[in-house]
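S.K.: Just need the structure, nothing else, for what follows:
(one chain, ligands or ions: 2)
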Amino acid sequence: MNAFFAPRADAGQIEPLVDGHGRTIGDLRVSVTDLCNLRCQYCMPPEGVDWLDHSEVLSFEEIARLVDVFASLGVHSVRLTGGEPLVRREFPKLAAMIGRIGGIEDLSITTNGFYLERDATALVAAGIHRFNVSLDALDRKRFAQVTRRDVYDRVIAGLQALEGLEGVTAIKVNAVAMRGFTEHDVLAFAELARTRPYQIRFIEYMPIGADDWRAEDVLTGEELRAMIETAYPLVPTEHEPHATARVFRFADGDGEIGFINPVSQPFCGECDRVRLTADGKLRTCLFSHYETNLRDPLRGGAGDEELRQVIRDAVWRKELKHAIGDEGFRKPARTMSSIGG
Ligand code: SAM
Ligand code: SF4
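M.R.: Residues are numbered from 1 along each chain as shown. Ligands and ions are numbered 1, 2, ... in the order given. Okay, the predicted model is just below:
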């Protein structure tokens, strides 16, 4: 539970947010910046990124206002992401503002870990207890190959800063699984999960980056699981509602491994999530081809009820499912870094 959790005064007075397929929305991913200090191959081009202009990016107050409106509609879980959230100046201040919004029970972050050593204590003080840290390889050279930056040691130091820090309730390490690359580290990741307090999660590589995705480059969760089971038998844990990962524990000891399989085993039917981009656009699916501009009504002086109506209308049209693998699939115009993964 978020440190500042407070129930809302308007709880039960406003209809919850539902889409046209009967799914109730409870989770909001907020991208706080499109900027990033790494250039992961599956996410961003090496150079020539068309960054948002400062004036386009929502201020802390604007983000907090929108999160409050979402919370009034029943959103109770917020994940802060980017780009890299920790490159935004005074980010812990923003996290604390969001943590104090009534109805927000769970506040978490997805980060590349580069600034965690510097910021971990401030983030926990701001009300963030659950951390997802991206780490795609377990040696310096291979990590630099994926991220195009030689910063492995810093990310590891960031992860270590979280360990043993009072108030940290979950550390998850996310590795994007790519054929011809991730096989190399899969058992080392399993050993990491057995020896450190991190849940390791493999995410299937999705067609949402700046590179040319090919279906054959996706190393599926089932393939990874089979590789791990050659050394360490796994036992499924109970699936939590809306959880994206299928989580397993080791049969013979401590540690958990999760598999997020959006390509081979889509979980759209259970999706309770929408996204707010750094420039104030509401996206109802990672793979949406349209967005709803919340920034213009917000800056134009719209009241809460007016904003709620814009959000309700957009969410009603939430996509039933993504179309990866379908004939005619087109990737969205934005990359993961500017959507907020
Ligand atoms: N910069 C932060 C980070 O890397 O954790 C937060 C933003 S990043 C866009 C969020 C997550 O999206 C990361 O875990 C990253 O690995 C994942 N991601 C980015 N592009 C992806 C892709 N093409 N397929 C699967 N996951 C991807
Ligand atoms: Fe940056 Fe995260 Fe994208 Fe890597 S995955 S380029 S760290 S936003």
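S.K.: quick one: G74 and P16 touch, right?
M.R.: Yes: contact status for G74 versus P16: in contact at 3.9 Å, counting by Cβ atoms under 8 Å. C-betas here are computed from N, CA, C, even on glycine.
S.K.: Who has more neighbours out of those two?
M.R.: G74 (19 against 11; other Cβ atoms under 10 Å).
S.K.: Would you enumerate the residues in contact with the more buried one?
M.R.: By Cβ atoms under 8 Å, 6 or more residues apart in numbering, G74 lies in contact with I14, P16, L17, T24, I25, G26, G103.
S.K.: Quickly note the distance from it to G103.
M.R.: 8 Å (Cβ to Cβ, to the nearest Å).
S.K.: which residues in the stretch 201-341 of the chain form strands?
M.R.: Secondary structure of the stretch 201-341 of the chain (DSSP state E, counting those that start in this stretch): strands at 234-236, 245-250, 256-260, 273-276, 281-283, 292-293.
S.K.: Neighbouring strands - and their directions - for the third one?
M.R.: Here strand 256-260 has these sheet partners by DSSP bridges: strand 199-204 (parallel), strand 245-250 (antiparallel).
S.K.: Residues contacting that strand, please?
M.R.: 172, 174, 189-190, 193, 199-204, 221-222, 224-225, 228, 234, 237, 244-250.
S.K.: Repeat the analysis, applying 7 Å as the threshold.
M.R.: Applying Cβ atoms under 7 Å, 6 or more residues apart in numbering, the contact partners of strand 256-260 are 190, 193, 199-204, 221, 224-225, 228, 234, 237, 244-249.
S.K.: Show me which of those residues are buried.
M.R.: Neighbour counting over these (16 or more other Cβ atoms under 10 Å) leaves 190, 193, 199-204, 221, 224-225, 228, 234, 244-249 as the buried ones.
S.K.: list the contacts for F287?
M.R.: Counting by Cβ under 7 Å, 6+ apart, F287 makes contact with H322, A323, P332.
S.K.: Return the closest of those with respect to ligand 2.
M.R.: P332 (14.6 Å; Cβ to the nearest ligand atom).
S.K.: The closest one contacts E291, doesn't it?
M.R.: No: judged on Cβ atoms under 7 Å, P332 makes no contact with E291 at a distance of 9.3 Å.
S.K.: In space, what's closest to T277 - neighbours in sequence excluded?
M.R.: Distance criterion Cβ to Cβ, 6 or more residues apart in numbering; nearest residue to T277, sequence neighbours excluded, is S31 at 5.2 Å.
S.K.: Double-check that neighbour against S337; I have them as touching.
M.R.: No: the pair S31 and S337 fails to qualify as a contact (Cβ under 7 Å) at a distance of 8.5 Å.
S.K.: And the contacts of the strand ranked longest in the chain?
M.R.: Taking DSSP state E as the criterion, the chain has its longest strand at strand 170-177. Here strand 170-177 makes contact (Cβ under 7 Å, 6+ apart) with 42, 130-136, 159, 162, 182, 189, 197-205, 219, 224.
S.K.: and if we set it to 8 Å?
M.R.: By Cβ under 8 Å, 6+ apart, strand 170-177 touches 40, 42, 108, 110, 129-137, 146, 159, 162-163, 182, 185, 189, 192, 197-205, 218-221, 224, 258, 260.
S.K.: of those, list those near ligand 2.
M.R.: With Cβ under 6 Å from any ligand atom as the criterion, the contacts of strand 170-177 include C40, S134 near ligand 2.
S.K.: Mean confidence (pLDDT) on stretch 211-225, please.
M.R.: Here stretch 211-225 scores 93 as its mean pLDDT.
S.K.: no no, stretch 305-313
M.R.: The model assigns stretch 305-313 a mean pLDDT of 98.
S.K.: circling back to that earlier point, mean pLDDT and distance to ligand 1 added to the strands of the stretch 201-341 of the chain, as JSON lines?
M.R.: JSON lines is the format used below for these (pLDDT from 0 to 100; distance: least, Cβ to the nearest ligand atom, whole Å):
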{"stretch": "strand 234-236", "mean pLDDT": "98", "distance to ligand 1": "22"}
{"stretch": "strand 245-250", "mean pLDDT": "96", "distance to ligand 1": "12"}
{"stretch": "strand 256-260", "mean pLDDT": "97", "distance to ligand 1": "8"}
{"stretch": "strand 273-276", "mean pLDDT": "96", "distance to ligand 1": "11"}
{"stretch": "strand 281-283", "mean pLDDT": "96", "distance to ligand 1": "13"}
{"stretch": "strand 292-293", "mean pLDDT": "98", "distance to ligand 1": "21"}
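S.K.: By pLDDT, give me the weakest of the contacts of F287.
M.R.: Ranked by pLDDT, the contacts of F287 bottom out at A323 (72).
S.K.: Need phi/psi at the residue lying closest to that one once chain neighbours are set aside.
M.R.: Spatial nearest neighbour of A323, excluding adjacent residues (Cβ to Cβ, 6+ apart): F329 at 4.7 Å. Dihedral pair for F329: phi -60, psi 130, per degrees, to the nearest 10.
S.K.: cool, L80 as well?
M.R.: Here is the backbone geometry of L80 (degrees, to the nearest 10): phi -100, psi 130.
S.K.: any idea how far it is from D27?
M.R.: 12 Å.
S.K.: Touching, A314 and S288? I think so.
M.R.: No: A314 is beyond contact range of S288, at 9.6 Å (criterion: Cβ under 8 Å).
S.K.: Perfect, I'm done here.
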